[in-house]
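K.L.:
What follows is a predicted protein model with its sequence.
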Amino acid sequence: MVVPAEHALHEAIQVSPLILSDDVRRQKIENCVAKMRLSAVTARKIQDVFISEMNKGIHQQPSSLQMENTYIPELLNGTEEGLYLALDLGGTNFRVLLLELAHGAPIRQEVKQYYIGSELRVGSAIPLFDYLAECVSDFVISQGLQNVELPLGFTFSFPMIQHSLDVGVLVTWTKTFNCPDAVNKDAVRLLREALDRRGDTKVKVLAVLNDTTGTLVQGSTLDHNTAIGLVLGTGSNACYLERADRVEHWETERHGESEVIIDIEWGAFGDNGVLDFIKTDFDRENDANSLIVNSFTFEKYIAGKYLGEVVRVILAKLTKQRLLFVGDSTSDSLLTTGNLTTDLVSHIEQDSLDGGDSNTKEILEKFGIIPDEDDIRIVQYVCEVASNRAALLVSICLASLLDRIDKEQVTIAVDGSLYKHHPRLEGWMKQYISLLCTPGRKFKLIHAEDGSGKGAALVSAIAHRLKKRLQ
Ligand code: ADP
Ligand code: MG
């Protein structure tokens, strides 16, 4: 028997019906994408697996969730004053940022973007970190602050193992970076050594973090109930405020901390096979077409770098099966990996919301396709199915986190262009999270932009305060 809450969930995760002139064709298409549509029962099963993986990770048992201790035991307390720096590496933009704080709140921000050429991104560590130090120094000197002691938070958005707030050992490069001799080295140390080689500023690297942690801290300045940070951009990850007594991996001396931010590293959820029961042939192909095969399983279901590709792979399959663009000589362009980016999925989704077709037509025409009405409906249907699955998967994990945190009111701070621009994710997530967590839980989703910049400067302010207290 289906219990009422499960029935509500079942109803909520239905996508708009596909209506085509040819019913046999409709049936074939629905069958083809059927495995992309997760049932309420499967959603609960994923939830159980996520909870189990979180527990294993935090107890240091083998798990696809790293549950990394960030060693950030508290948020801002309103006493932070002065100037703080951030260095943001690993997102779409590489930046140096200065934040001025009064009573723990930002009152001024200066930021400068720099470019890292491919010869530095793929090479050896020393020239790369020398360049990072050069940018920091260029920025600091341009602000006339070369003689001021400035705490710096280093956003290093790559998988790392943290031994303390200011020691982060690189596990592997991702995205467009690959400097093999930096692997297994402490990114903070590499940066400090490069800054020392220059010796022209008084920058103190006090913390290393990733964009997700910065997002939580940045969110907490907007809403003091913030206890979860979520990134839905190129990649995806989340972190949350965990009870310190639950955290086993703690290499530094403890000082009676009651909480600490745990970085889940959920992009890799399922890398050990625990999510294989939802993997479709489309996901296998998306993985095979990706830069680092057999890793970042969960990220490949949900993040901006991949959502468009999932849609493209499905459309290509339907085309090859002569279920889509039948009357058209198919454009090879849509059959090429990487050609359908996630922003286009957002534009097509906007049409579905508006009941229109102008964006969809325009996008397909750019691929050299003249679609008929059925083609448009099918493309919109596929975009909705893939987007909806992403929303559901993220919601399953967030609902589990809300239950784990078990506070009266929790705010989830979100950063990333996918979340910001996709016209339906936020609405779906609100609905699904409330159906998936314990009934009656109060939660809010807020936009916390620039966690990787502003958030990192804020973390350096927290680190500075902690350091002074412990001296
Ligand atoms: P990063 O995660 O690198 O810091 P962003 O948060 O800006 O940067 O995310 C960039 C990702 O967001 C890109 O991979 C792109 O796929 C996705 N994106 C950009 N614009 C949109 C949009 N309009 N709709 C959905 N996704 C988008
Ligand atoms: Mg970002």
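P.N.:
Happy to help now that I have it. Ligands and ions are numbered 1, 2, ... in the order given.
K.L.:
Could you give the number of residues near Ile46?
P.N.:
Look at Ile46: counted by other C-beta atoms under 10 Å, it has 23 neighbours. In short, each C-beta sits where N, CA and C put it, glycine included.
K.L.:
Excluding residues flanking it in the chain, which one is nearest it?
P.N.:
Ile396 (5.1 Å; C-beta to C-beta, 6 or more residues apart in numbering).
K.L.:
for the residue of the stretch 201-350 of the chain found nearest ligand 1, what are its contacts?
P.N.:
The nearest approach of the stretch 201-350 of the chain to ligand 1 comes at Gly233, 2.4 Å away (C-beta to the nearest ligand atom). Listed by C-beta atoms under 8 Å, 6 or more residues apart in numbering, the contact partners of Gly233 are Gly91, Thr92, Asp211, Ala303, Gly304, Asp415, Gly416, Ser417, Leu418, Tyr419.
K.L.:
And these, which of them are buried?
P.N.:
Among the contacts of Gly233, those buried by neighbour count (16 or more other C-beta atoms under 10 Å) are Gly91, Asp211, Ala303, Gly304, Asp415, Gly416, Ser417, Leu418, Tyr419.
K.L.:
could you pick out which of those residues are near ligand 2?
P.N.:
Among the buried ones among the contacts of Gly233, the residues lying close to ligand 2 (C-beta under 5 Å from the ion) are Gly91, Asp211.
K.L.:
Might you name the residue of the stretch 351-471 of the chain sitting closest to ligand 2?
P.N.:
Residue nearest to ligand 2 within the stretch 351-471 of the chain: Ser452 (4.8 Å; C-beta to the ion).
K.L.:
The chain now?
P.N.:
Gly91 (3.8 Å).
K.L.:
can you pull the contacts of that residue?
P.N.:
Going by C-beta under 8 Å, 6+ apart, Gly91 touches Thr155, Ser157, Asp211, Gly233, Thr234, Ser452.
K.L.:
Now do it, the pLDDT please.
P.N.:
On pLDDT, Gly91 comes in at 81.
K.L.:
swap in Pro159?
P.N.:
The per-residue pLDDT reported for Pro159 equals 87.
K.L.:
pull the longest helix from the protein.
P.N.:
Longest helix of the chain, by residue count under DSSP state H: helix 373-405.
K.L.:
The residue of the stretch 351-471 of the chain closest to ligand 2 should be in a strand, yeah?
P.N.:
No. Per DSSP: H, G, I helix; E, B strand; the rest coil, Ser452 lies outside any strand segment and is coil.
K.L.:
these two touch, right, it and Val459?
P.N.:
No. Distance between Ser452 and Val459: 10.5 Å, which falls outside the contact criterion (C-beta atoms under 8 Å).
K.L.:
Mind listing the shared neighbours of these two?
P.N.:
By C-beta under 8 Å, 6+ apart, Ser452 and Val459 have these common neighbours: Gly214.
K.L.:
circling back: do the longest helix of the chain and ligand 1 meet?
P.N.:
No. Counting by C-beta under 6 Å from any ligand atom, ligand 1 has no neighbours in helix 373-405; the shortest distance is 9.2 Å.
K.L.:
in the helix or strand just after that helix, what's buried?
P.N.:
Using DSSP states H and E, the helix or strand that follows helix 373-405 in sequence is strand 409-415. Of the residues in strand 409-415, Val410, Thr411, Ile412, Ala413, Val414, Asp415 count as buried by neighbour count, 16+ other C-beta under 10 Å.
K.L.:
For the residues you listed, give me TSV that also has pLDDT.
P.N.:
Formatted as TSV, the buried residues of strand 409-415 follow (pLDDT from 0 to 100):
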residue	pLDDT
Val410	98
Thr411	98
Ile412	98
Ala413	98
Val414	98
Asp415	97
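K.L.:
what's the spacing between the residue of the chain closest to ligand 2 and Val203?
P.N.:
Look at Gly91 and Val203: by C-beta to C-beta, to the nearest Å, they are 20 Å apart.
K.L.:
Flag every residue of this structure that's near ligand 2.
P.N.:
Gly91, Asp211, Gly233, Ser452.
K.L.:
and the residues you listed, which two are the farthest apart?
P.N.:
The most widely separated members of these are Gly233 and Ser452, with 9.2 Å between them, by C-beta to C-beta.
K.L.:
anything in contact with each of the two?
P.N.:
Joint contacts of Gly233 and Ser452 (C-beta under 8 Å, 6+ apart) are Gly91, Asp211, Asp415.
K.L.:
so who does the closest residue to Ile348 other than its chain neighbours touch?
P.N.:
Closest residue in space to Ile348, ignoring its immediate chain neighbours: Cys383 at 4.5 Å, by C-beta to C-beta, 6+ apart. Cys383 makes contact with Val311, Val345, Ile348, Glu349, Ser352, according to C-beta under 8 Å, 6+ apart.
K.L.:
my guess is the third one meets Arg377, correct?
P.N.:
What it means is Ile348. No. Applying C-beta under 8 Å, one finds Ile348 not in contact with Arg377, separated by 11.2 Å.
K.L.:
which one of the two has more residues nearby?
P.N.:
Remark: of Ile348 and Arg377, Ile348 carries more neighbours, 25 against 21, as counted by other C-beta under 10 Å.
K.L.:
Check the gap between that one and Thr438 for me.
P.N.:
35 Å.
K.L.:
which residues sit in contact with Ile107?
P.N.:
For Ile107, the contacting residues are Glu100, Leu101, by C-beta under 8 Å, 6+ apart.
K.L.:
Let me fix that, I meant to ask about Ser21.
P.N.:
Glu373, Asp374.
K.L.:
rerun that using 10 Å as the cut-off
P.N.:
Asp372, Glu373, Asp374, Arg377 (C-beta atoms under 10 Å, 6 or more residues apart in numbering).
K.L.:
Looking at the contacts of Cys383, state which has the most neighbours.
P.N.:
Val345 leads those on contacts (other C-beta under 10 Å) with 28 neighbours.
K.L.:
hmm, back to that, what residues sit buried inside the longest helix of the chain?
P.N.:
Buried, per 16+ other C-beta under 10 Å, within helix 373-405: 374-402, 404-405.
K.L.:
can you list the domains in the protein?
P.N.:
4-65+269-447, 73-209 (the TED database).
K.L.:
Distance to Tyr240 for those - can I get that in JSON lines?
P.N.:
Shown next, in JSON lines, are these (distance: least, C-beta to C-beta, whole Å):
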{"stretch": "domain 4-65+269-447", "distance to Tyr240": "5"}
{"stretch": "domain 73-209", "distance to Tyr240": "12"}
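K.L.:
on that earlier part again, the residue nearest to Ile46 reaches Leu436, doesn't it?
P.N.:
Yes. Judged on C-beta atoms under 10 Å, Ile396 makes contact with Leu436 at a distance of 5.8 Å.
K.L.:
Next up, the contacts around the residue lying closest to Phe177 once chain neighbours are set aside.
P.N.:
Distances taken as C-beta to C-beta, 6+ apart place Arg121 nearest to Phe177, at 4.9 Å, with adjacent residues excluded. Counting by C-beta under 10 Å, 6+ apart, Arg121 makes contact with Phe94, Leu128, Tyr131, Trp173, Lys175, Thr176, Phe177, Asn178, Cys179.
K.L.:
Just the buried ones from these?
P.N.:
Among the contacts of Arg121, the ones that count as buried by 16+ other C-beta under 10 Å are Phe94, Leu128, Tyr131, Trp173, Lys175, Phe177, Cys179.
K.L.:
how about the residues of the stretch 251-400 of the chain near ligand 1?
P.N.:
For the stretch 251-400 of the chain, the contact set with ligand 1 under C-beta under 6 Å from any ligand atom comprises Gly304, Lys305, Thr341, Thr342, Asp343, Ser346.
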